[in-house]
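> structure for this input, please:
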Amino acid sequence: MRSQEILVRILEKAPMKAILSFLLLTAGCGASEGAYLQSGTQTMGSTRDPQAAWRFVFHKALPYWEDGLPVGNGRIGAQSWGTGQHLYLTLDRSDVWDLRYQPNTGANFNYTRLRELVGKHNKELIQTELNPDLSPLAHLAPTHVPMGRLQIELPKDTVVERAELDMQQAELRWDLRIAGKAVIFRLFACAPENVIVATLEGVSGWEPKVDLQALTEVQPVRIQKIIDNSWRQMATAKEIQPDLIQELGYPKPIHGSQGDVFWCIQPIPESGKLAAVWQTRREQDRWQLILTIPSQGEPDPVTSARRTLEAAHKIGIFRLRERHRNWWQERWARSMVHLPEEKLQRLWINGIYKLASSSYLSVPANLQGLWPPDGQLAPWRGDYHCDMNVQLTYWPAYSSNQLDLAEPLNRWLTEKVAPQASSFTKRFFGVDGLWM
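You can find the predicted model right below:
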């Protein structure tokens with residue numbers, strides 16, 4: 001059910017409740033509807049259980065990206081979904097962009113010329129002379145560029161018994177059964193450190209296989225589903241269009257490894273490199289993976305990422321989890337609302353959870369947060385609509401004692417947007433000031 005439909009139903013029942021619901025529904029980032037609300041299939045729990053509102057619980061596999069469960073630390077994030085045998089992490093880093101842009105510096109690019117052409121009703125010249133971006137790729141770039149999809153392959157007989165997102169701890173857990181034995185998959189994006197940590201407990205007689213497909217390599221995931229009383233194979237995720245990749249001109253990703261360290265590097269023309277680097281280790285029946293995505297400006301992203309991974313391993317998985325939980329414990333201690341209806345309580349928690357997961361230390365939360373669609377460029381280029389899209393996302397920061405979550409937005413506006421807007425105002429309008 002879509003959030004708009006939910007709002008209409010609430011509005012029919014209780015206007016005051018509708019107002020509150022609207023605020024809560026718009027409190028989070030514009031991630032996918034599955035990650036945003038998780039309505040319809042979760043175990044809602046009893047209102048007597050104070051922990052129920054903190055969790056999304058599913059007693060089945062999540063074969064569609066839209067139903068995935070999100071984690072993030074403000075810089076890097078993952079949407080976790082899968083069929084059982086295959087667990088997927090759709091990966092993203094918030095500040096990675098294809099920066100190709102050619103500003104219009106022509107003599108006729110000014111407000112006086114615009115008024116003249118409007119007076120003459122000359123739409124054609126308005127479109128040609130006053131187009132702010134003259135790049136041949138203006139219809140595609142600049143654009144946010146997601147990393148791609150990490151796949152963890154498990155034995156064929158893997159069955160998903162339960163999948164849970166605990167927003168209080170900002171951790172994800174999958175309860176699996178493999179060859180009749182219980183296996184637990186855990187995932188979190190460590191807030192104090194810039195790493196994503198995944199573990200499997202109960203590994204015996206088999207070894208997980210890991211593969212990462214960059215955005216340009218992602219293939220649709222296909223599952224068997226009953227349609228019209230017969231089994232049919234269908235895609236659960238779209239494939240990025242080959243002609244789009246060709247038009248963008250992205251070269252083939254570079255895959256490599258050294259020992260237990262693996263990487264995938266996607267060069268972005270004129271914009272640096274997007275890389276994911278991960279390390280896997282096995283200790284008895286516990287398997288672990290630590291992954292990071294370094295800045296696209298790193299000349300040697302693998303070396304930079306290895307330093308991050310080595311530092312994380314020195315800390316150790318248990319201390320990483322402890323630091324992570326302490327960070328979120330302090331976060332939740334800043335404010336809390338207590339609502340009689342569990343669904344509304346969960347919406348408020350979900351809004352704070354996603355804002356903290358996608359707006360911390362780095363750049364502001366964009367339209368999709370850290371969870372863009374699997375295998376696709378982000379809708380609306382993953383940009384910033386400086387209107388209600390941004391305003392509603394950040395409302396909880398100011399009303400819930402979470403001012404540090406608004407810091408990326410304020411820093412970006414004052415340090416990046418304001419100087420550019422001031423320069424544009426002077427050049428286009430011929431006056432001092434700031435026009436956005």
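
> and the next element down the chain from the helix or strand of the chain with the lowest mean pLDDT?
Lowest on mean pLDDT, DSSP states H and E among the helices and strands of the chain sits helix 33-36, with a mean of 37. Note on helix 33-36: by DSSP states H and E, the next helix or strand toward the C-terminus is strand 55-58.

> so for that following strand, mean pLDDT?
The average of the pLDDT scores along strand 55-58 is 96.

> any idea how far it is from the chain center?
19 Å (Cα atoms, centre = their mean, to the nearest Å).

> buried sites along the next helix or strand after that strand?
Where DSSP H and E defines the elements, the next helix or strand beyond strand 55-58 is strand 69-72. By 16 or more other Cβ atoms under 10 Å, the buried positions in strand 69-72 come out as 69-72. Placement of C-beta: from N, CA and C, glycine included.

> let me have those in a markdown table, extended by distance to R286.
Below are the buried residues of strand 69-72 laid out as a markdown table (distance: Cβ to Cβ, whole Å):
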| residue | distance to R286 |
| --- | --- |
| L69 | 22 |
| P70 | 25 |
| V71 | 20 |
| G72 | 24 |
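
> my read: L409 touches S358, true?
No. Taking contacts as Cβ atoms under 8 Å, L409 lies outside contact range of S358: 11.3 Å.

> residues shared between the contacts of these two?
Common neighbours of L409 and S358, counting by Cβ atoms under 8 Å, 6 or more residues apart in numbering, are A365.

> pick out whichever of those two has more residues nearby.
Between L409 and S358, S358 has the larger neighbour count (other Cβ atoms under 10 Å), namely 31 against 20.

> ok, the more buried one to A163 distance?
Distance of S358 to A163, given as Cβ to Cβ, to the nearest Å: 21 Å.

> next one: K273
33 Å.

> neighbour-wise, which of those two wins?
A163 (26 against 20).

> for the chain, which segments count as helices?
3-13, 15-25, 33-36, 111-119, 123-129, 242-248, 301-315, 317-332, 342-358, 388-399, 403-411, 418-429 (DSSP state H).

> out of these, flag the one nearest A170.
helix 317-332 (4.8 Å; Cβ to Cβ).

> list the contacts of that closest one.
Counting by Cβ under 8 Å, 6+ apart, 168-171, 188, 190-193, 195, 197, 199, 288, 312, 315, 352, 356, 402 sit against helix 317-332.

> and if you look at stretch 119-137?
If you take Cβ under 8 Å, 6+ apart as the criterion, stretch 119-137 is touched by 100-104, 106, 108-109, 113-114, 117-118, 138, 141, 247-248.

> mind running it again at 6 Å?
100-102, 104, 108, 114, 117 (Cβ atoms under 6 Å, 6 or more residues apart in numbering).

> buried residues of it, list them for me.
Under the neighbour-count rule (16+ other Cβ under 10 Å), stretch 119-137 has 126, 129-130, 137 buried.

> now stretch 102-110
Quick answer for stretch 102-110 (16+ other Cβ under 10 Å): 104, 109-110.

> that stretch - what's its average pLDDT?
Here the average pLDDT along stretch 102-110 is 94.

> for stretch 300-308, same thing?
pLDDT averaged over stretch 300-308 gives 97.

> and for stretch 373-386?
Mean predicted confidence for stretch 373-386 is 88.

> partners of R173 in the sheet?
Applying DSSP bridges to R173 gives these bridge partners: E164, R186.

> now do the contacts for the nearest residue to N366 once chain neighbours are set aside.
Using Cβ to Cβ, 6 or more residues apart in numbering and skipping residues adjacent in sequence, the residue nearest N366 is G382, 4.8 Å away. Applying Cβ under 6 Å, 6+ apart to G382 gives the contacts 144, 366, 368.

> what about those, which one has the most neighbours?
N366 (26 neighbours).

> give me the pLDDT value at that residue.
For N366, the predicted pLDDT is 89.

> likewise S32?
Value for S32, per-residue pLDDT: 38.

> now swap in the one 5 residues further on and tell me
On the pLDDT scale, L37 is placed at 36.

> so how far is stretch 77-95 off the chain centroid?
9 Å.

> for T83, state which of the buried residues of strand 69-72 is nearest.
Out of the buried residues of strand 69-72, the member with the shortest distance to T83 (by Cβ to Cβ) is L69, at 14.4 Å.

> neighbours of Q258, how many?
Residues lying near Q258 (other Cβ under 10 Å) number 9.

> and for D95?
16.

> now do the contacts for the closest residue to it other than its chain neighbours.
Take D95 and drop its neighbours on the chain: the residue closest to it by Cβ to Cβ, 6+ apart is V363, 4.6 Å away. By Cβ under 6 Å, 6+ apart, V363 lies in contact with 94-95, 408.

> what is the nearest of the residues you listed to K156?
Proximity of the contacts of V363 to K156 (Cβ to Cβ) peaks at S94, which lies at 35.8 Å.

> was I right about the closest one contacting S362?
Yes. Counting by Cβ atoms under 6 Å, S94 does reach S362; the two are 5.1 Å apart.

> give the residues shared as contacts by the two.
R75.

> more neighbours, the two?
Set side by side, S94 and S362 show more neighbours around S94, with 27 against 20, by other Cβ under 10 Å.

> per-residue pLDDT, that one?
For S94, the predicted pLDDT is 94.

> what about it, distance to P408?
For S94, the distance to P408 - Cβ to Cβ - is 9 Å.

> just T216 next, same as before
For T216, the distance to P408 - Cβ to Cβ - is 28 Å.

> more neighbours, these two?
Between T216 and P408, counted using other Cβ under 10 Å, P408 has the larger neighbour count: 23 against 19.

> what sits against the nearest residue to that one once chain neighbours are set aside?
Distance criterion Cβ to Cβ, 6+ apart; nearest residue to P408, sequence neighbours excluded, is P364 at 4.8 Å. Contacts for P364 (Cβ under 6 Å, 6+ apart) come out as 408-409, 412.

> pLDDT below threshold where in this protein?
1-48, 222-242 (pLDDT under 70).

> centroid-wise, who is the farthest residue in it?
K120 (45.7 Å; Cα atoms, centre = their mean).

> for I245, give me its contacts.
T216.

> sorry, wrong one. I was asking about V145.
V145 neighbours (Cβ under 6 Å, 6+ apart): 96, 98, 274.

> so what pairs up with the second one in the strands?
The residues listed as beta-bridge partners of D98 by DSSP bridges are T143.

> next: the last one.
L274 has the following beta-bridge partners by DSSP bridges: Q266.

> report how many residues lie close to it.
29.

> might one say that it is in contact with Q266?
Yes. Counting by Cβ under 6 Å, Q266 is a contact partner of L274 at 4.5 Å.

> turn the contacts of V363 into JSON lines, columns for distance to A333.
Listed next are these as JSON lines, based on distance: Cβ to Cβ, whole Å:
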{"residue": "S94", "distance to A333": "25"}
{"residue": "D95", "distance to A333": "28"}
{"residue": "P408", "distance to A333": "21"}
